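Q: pasting the sequence and the predicted model now:
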Amino acid sequence: MSSVPRGKLIGMQVYNPDGSLVGTVSDIELAIGGGEISLQVMSRYNVPERVPWSMVAAAGDIIILKEKIELKQPEAPAATTYIPPAAQPTPQQPRPGIFSSVTSRLPLGRKEKAACPTCGKELTWIEQYQRWYCYNCGKYA
């Protein structure tokens, strides 16, 4: 009779005799008082299953069971109907005179000049990084 160390069993794939995947061994269970050893298997449906060691036919690179196990499929969530979002109203253009035409076309004022908070020199907008950079300090503001 051969033995298989616990460390080798954890992570092994478990298959039914017909070759269908049951799941992967996540741990070993020892029943108190009874001495029965079981494998805790996380099924392919991501549901924990208990497989008694007496049902194991062979264990090598994979575990093959003596009898087929019917897996419990998780309950399917209630079907939800996709409802597309309501059409968003187009934004109103600002009335002339409220905002200057220059600032309304600039994305958040990125083309305007800014001063470095550390040295006070002019900052440069780096489009690739979407940030202001101070060449004097050598850092982003």
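A: Thanks, I have the structure now. The structure displayed is predicted, hence computed values, not measured ones.

Q: remind me which residues of this structure are low pLDDT?
A: Along the chain, the model assigns pLDDT under 70 to residues 1, 76-84, 86-111.

Q: of all residues in the protein, which one is nearest the centre?
A: If you average the C-alpha coordinates of the chain and look for the closest C-alpha using CA atoms, centre = their mean, you land on Asn46, 14.8 Å from that point.

Q: does that residue touch Pro74 like I think?
A: Yes: in this structure Asn46 lies within contact range of Pro74 using CB atoms under 8 Å: 7.3 Å. C-beta: built from backbone N, CA, C; applies to glycine.

Q: would you say the residue nearest to the centre of the chain is within a helix?
A: No: checked against DSSP: H, G, I helix; E, B strand; the rest coil, Asn46 lies outside a helix; its state is coil.

Q: which ones are touching it?
A: In this structure, Asn46 makes contact with Pro74, judged by CB atoms under 8 Å, 6 or more residues apart in numbering.

Q: against Cys116, how distant is it?
A: Distance from Asn46 to Cys116, counting by CB to CB, to the nearest Å: 53 Å.

Q: how much space between the closest residue to Cys134 other than its chain neighbours and Ile126?
A: Taking CB to CB, 6 or more residues apart in numbering, and ignoring the residues beside it in sequence, Cys134 has Cys116 as its nearest neighbour in space, at 4.1 Å. The span separating Cys116 from Ile126 equals 13 Å under the rule CB to CB.
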